[in-house]
Each structure stands twice: as C-alpha cells, then as structure tokens.
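> how would this look folded up:
(one chain, ligands or ions: 1)
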Amino acid sequence: MRLADRVCLITGAGSGIGRATALLFAHEGARVTVADLDPAGGAETVRQIREAGGAAHFVRVDVTAAEDVRAAVAEAVRAGGSGRLDVMFNNAGIGHVGAVEQTEEADWDRVIAVNVRGVFLGCKYAVLQMQAQGGGGCIINMSSSIATTGLAQRAAYTASKGAVLSLTRSMQVDCAPHGIRVNALMPGTIMTPFVEGYLRRSYAGREEEALAAIRRRQLTGELGRPEDVARAALFLASDESMFVMGAGLAVDGGLSAGKA
Ligand code: NAP
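Model prediction:
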C-alpha cells in the first residue's frame, strides 16, 4: 500500500475529483478525513470508503472560514491517532464564467475567497501542524491547466488558479527546511458535477455540441475522469514523488502540450 496509515485531509471530497481521491487514498491504506461544505456528498464519500473496507470520516468545512479549517486539521490529527497530518489536499474550488468586464465584484470576491483564501487557509493550518509535529508532510494544491494557458471567459477563475500555482512555488521555498513538500495539480477538463453544471448553465439544450468542442481541444479526444487526477494526487502524496517539489503537474490529456 502506497499510503499505509498516512493521515490525509481532503477538502471538497464530497464530489468529483476530491471524492475519487479520497477513495483511492483510502484504498492505499490512508486514514482519510473527508472535508466538504456539503454534508450529504461528504457522507456518501465516507459510505463508499467504508463499504470498500477503508477508514474515513466526515467533517463539515467552509474553506473560506479560518476556524473551520483549523478545526478540520485538528480533527484529522485526532482521528488519525498518530499525532500527525501527513497529507493535506486543498482541492475544494468553485468555477465562474465571464470576461473581466462582465464579472460582478461580488462574484470575483467569492471565487477568490473559495479558490485562493481557501487554499491559503488549508496551507496555513497544515503547515502549522506539520511544523508542530517536527516536520515532514505533503501538501497538494488544486490549480488548473488554465493557470498558465488561459481560457476565454474565465477571468476570476483563471486568476484564482494562477494564484494557487504561485502560492505553491513560494510556499515550497519556505517549507523545504521543514521537510514539507508542496505541489500543485493542473488538470484539464475533467468530467465532474462541476463541469456538468457548467454545461447545463451555459449550453442548455446544446450540451453535446459543447462537449464535442471540449473533446476537440484534447489530444486524447476525451475529457479526463476524476480517477485520472486522483492517480496524480496519489503520486504527489506518496514517497514516490520524494524529489518533486514546488511543481505544477499537468493532468490534462495533452491540452497544454499543444494543438494536434
Ligand atoms: P465538484 O465536483 O464541484 O467538487 C467540489 C466540491 O467542493 C463540492 O463538493 C463542493 O461542495 C465543495 N466546495 C465548494 N465550495 C466549498 C467551500 N467553500 N468549502 C468546502 N467545500 C466546498 O468539482 P471538481 O470538478 O471535482 O473540482 C475540484 C477542484 O478541481 C476545484 O478546485 C476545481 O477548480 C479544480 N479543477 C477542476 C477541473 C474540472 O474540469 N473538473 C479542472 C481543473 C481544476 P458544493 O457542491 O456544496 O458546492
């Protein structure tokens, strides 16, 4: 098992990529704290993990609230039983569609609050815990392929994911002396409720057409699956990536490599 007895906290684990990662980490022996705003989604992830024989529990968290995040880290450490937090995956995030001139200030603030402040708080309380336990640990932050390539109509979202990538690099420099590795994931388009909701809202009645256009962007000709990103997260969480530090790992079916 690649994560035997590792204590892992995953935000946004009640759905999509976070759920797939929680299931895979538990399958690899981790003790997983499933953190999410949505208690029903979180409970379902825990149910699936336990049904498969894994160890997990749920904690409700709004990643924009410092006290929630601090308490979630403390709860993960308590439930893990080793006095440690080994892996923090700051995965929770929200989308927004709009060019900069179309973006309401309140929408900008909300996207930055969840996607940037949420990651900042997860990093802060994870690093404090990892330092207190004598160092060591692994932090994974959820960025996106659009942090470096851009995409039409995604002003706030792109800015938020670029900030996550920059924060990750900056943190790695500060965290290295404590034996903490900090890396970012940069997925392309992954079929999750996040993308399904976007297609419904933006392309009502034309979802198939929009999906075909997204497929054409991919060198694979297909969208990614949550499990594709979960496997990359597993690599970053495991000792196999011991020499990978401050990286942004593309998991995008060739989207960032270029057009066919
Ligand atoms: P998802 O299926 O919508 O899952 C995200 C989860 O995060 C949901 O359970 C959501 O709860 C939760 N969440 C939202 N706001 C939260 C908050 N303030 N505090 C705690 N939890 C919160 O999305 P996904 O596609 O798996 O995306 C996961 C991450 O990957 C996001 O950061 C996203 O930006 C990133 N990403 C996704 C793609 C893609 O194509 N899917 C590509 C690149 C990057 P609710 O349902 O209650 O809102």
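
> okay, now L199: neighbour count?
Residues within reach of L199, counting by other C-beta atoms under 10 Å, total 17. Yep, even glycine has a C-beta here, placed from its N, CA and C like the rest.

> thought it was touching E207?
Yes. Using C-beta atoms under 8 Å, L199 is in contact with E207, at 4.6 Å.

> Show me which residues of the stretch 151-260 of the chain are close to the ligand?
Residues of the stretch 151-260 of the chain lying close to the ligand by C-beta under 6 Å from any ligand atom are P187, T189, I190, T192, P193, F194, V195.

> what's the following helix or strand after the lengthiest strand in the chain?
Counting residues, the longest strand found in the chain (DSSP state E) is strand 180-187. For strand 180-187, the following helix or strand on the C-terminal side (DSSP states H and E) is helix 193-202.

> which of the residues in that next one are buried?
For helix 193-202, burial by neighbour count (16 or more other C-beta atoms under 10 Å) applies to F194, V195, Y198, L199.

> Return the closest of these with respect to the ligand.
Relative to the ligand, the closest of the buried residues of helix 193-202 is F194; by C-beta to the nearest ligand atom it sits at 3.2 Å.

> quick one: pLDDT of the closest one?
Note on F194: pLDDT of 94.

> same thing with D107?
So D107 comes in at 98 (pLDDT).

> The residue lying closest to it once chain neighbours are set aside sits in which helix or strand?
Using C-beta to C-beta, 6 or more residues apart in numbering and skipping residues adjacent in sequence, the residue nearest D107 is H96, 5.6 Å away. According to DSSP H and E, H96 maps onto no helix or strand at all.

> What about H96, how many residues nearby?
21.

> how far away is it from V59?
Separation of H96 from V59 (C-beta to C-beta, to the nearest Å) stands at 26 Å.

> Let me know the closest of the buried residues of helix 193-202 to A66.
Minimum distance to A66 across those is 24.5 Å, recorded for F194 (C-beta to C-beta).

> ok, the nearest residue to G118 once chain neighbours are set aside to V73 distance?
Leaving aside its sequence neighbours, G118 sits nearest to V63 (C-beta to C-beta, 6+ apart; 3.2 Å). Using C-beta to C-beta, V63 is found at 12 Å from V73.

> Now do the helices in the stretch 151-260 of the chain.
Using DSSP state H, counting those that start in this stretch, the helices found in the stretch 151-260 of the chain span residues 155-175, 193-202, 207-217, 226-237.

> Would you mind finding the most buried of these?
Neighbour counts (mean count of other C-beta atoms under 10 Å) averaged over each of the helices of the stretch 151-260 of the chain peak at helix 226-237, with a mean of 22.

> Nice, that's everything, thank you.
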